[in-house]
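> Dropping a prediction and its sequence here:
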Amino acid sequence: MNPKQANISGKVDVNITKVLTYAVVGLAVIGIAFFIYRKTRKGISSLKEKAEQADVVREAKRSVKQSELTKDKIWYESSADRLKEAMQGPGTTEKTIYDIFGQLQTNDDLKQLIAAFGTRSGKSGTRKFTGNLATWLESELSNREFDKVNKILTNNNITLRL
């Protein structure tokens, strides 16, 4: 073997090793940057969603006309607790949900129930979950069941929809 050939081969091996090392490090940096981007984006999206849910609750509280309520304060609070229990954990007790919504008589009854429910944390199925009443219902009910809740509201002459 010619000494010049050996030298060229040695340089090529060193250059390939450097290129591969830079490529692996570059891919690792890109992967880490993408991971950070996704986590940050998800966190910002989650914060935005929580703020929107809180806005719904604040608006419900602000716009309730006390003179239009047909139940006492304790009824709304205990009904909000019963709704969460009906939706908490695996399985949903739809009958409880339908019964409570069937007792609402005015738009302000619905607003007060939304305000009493507020934004709650718990387990929806097997995952941790935070949301207002509409978000919990959307998460727990099928489209058909959710439509049934809105139909109950319509039948009670309530014009607001979840």
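Noted; the coordinates are in hand. Numbering: from 1, shown residues only.
> confidence score at the nearest residue to residue 106 once chain neighbours are set aside?
Closest residue in space to residue 106, ignoring its immediate chain neighbours: residue 68 at 4.9 Å, by C-beta to C-beta, 6 or more residues apart in numbering. Yep, even glycine has a C-beta here, placed from its N, CA and C like the rest. Here the pLDDT value assigned to residue 68 is 95.
> Do I have it right that residue 68 meets residue 107?
Yes - the pair formed by residue 68 and residue 107 meets the contact definition of C-beta atoms under 8 Å, at 7.3 Å.
> Settle it for me: which of these two has more neighbours?
residue 107 (18 against 13; other C-beta atoms under 10 Å).
> Run through the helices of this protein in chain order.
Shown for the chain, the helices assigned by DSSP state H span residues 3-63, 73-87, 94-102, 107-117, 133-140, 143-155.
> Now render the ones you listed as JSON lines, adding distance to residue 123 and mean pLDDT.
Converted to JSON lines, these look like this (distance: least, C-beta to C-beta, whole Å; pLDDT from 0 to 100):
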{"stretch": "helix 3-63", "distance to residue 123": "17", "mean pLDDT": "72"}
{"stretch": "helix 73-87", "distance to residue 123": "10", "mean pLDDT": "96"}
{"stretch": "helix 94-102", "distance to residue 123": "17", "mean pLDDT": "97"}
{"stretch": "helix 107-117", "distance to residue 123": "16", "mean pLDDT": "96"}
{"stretch": "helix 133-140", "distance to residue 123": "11", "mean pLDDT": "91"}
{"stretch": "helix 143-155", "distance to residue 123": "19", "mean pLDDT": "96"}
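> Which stretch among the ones you listed is buried most, on average?
helix 107-117 (a mean of 23; mean count of other C-beta atoms under 10 Å).
> which strands and helices sit next to it?
Secondary structure elements in contact with helix 107-117, counted by 3 or more C-beta pairs under 8 Å, 6 or more residues apart in numbering; DSSP states H and E, are helix 3-63, helix 73-87, helix 133-140.
> In contact with residue 131, which residues?
For residue 131, the residues meeting the contact criterion (C-beta atoms under 8 Å, 6 or more residues apart in numbering) are 53, 119, 120, 139.
> Tell me the backbone dihedrals of residue 119, please.
The phi/psi pair for residue 119 (degrees, to the nearest 10) reads phi -110, psi 120.
> for residue 92, same thing?
According to degrees, to the nearest 10, residue 92 has phi -130, psi 140.
> Verify the stated contact: it with residue 85.
No - counting by C-beta under 8 Å, residue 85 is not a contact partner of residue 92; they are 10.4 Å apart.
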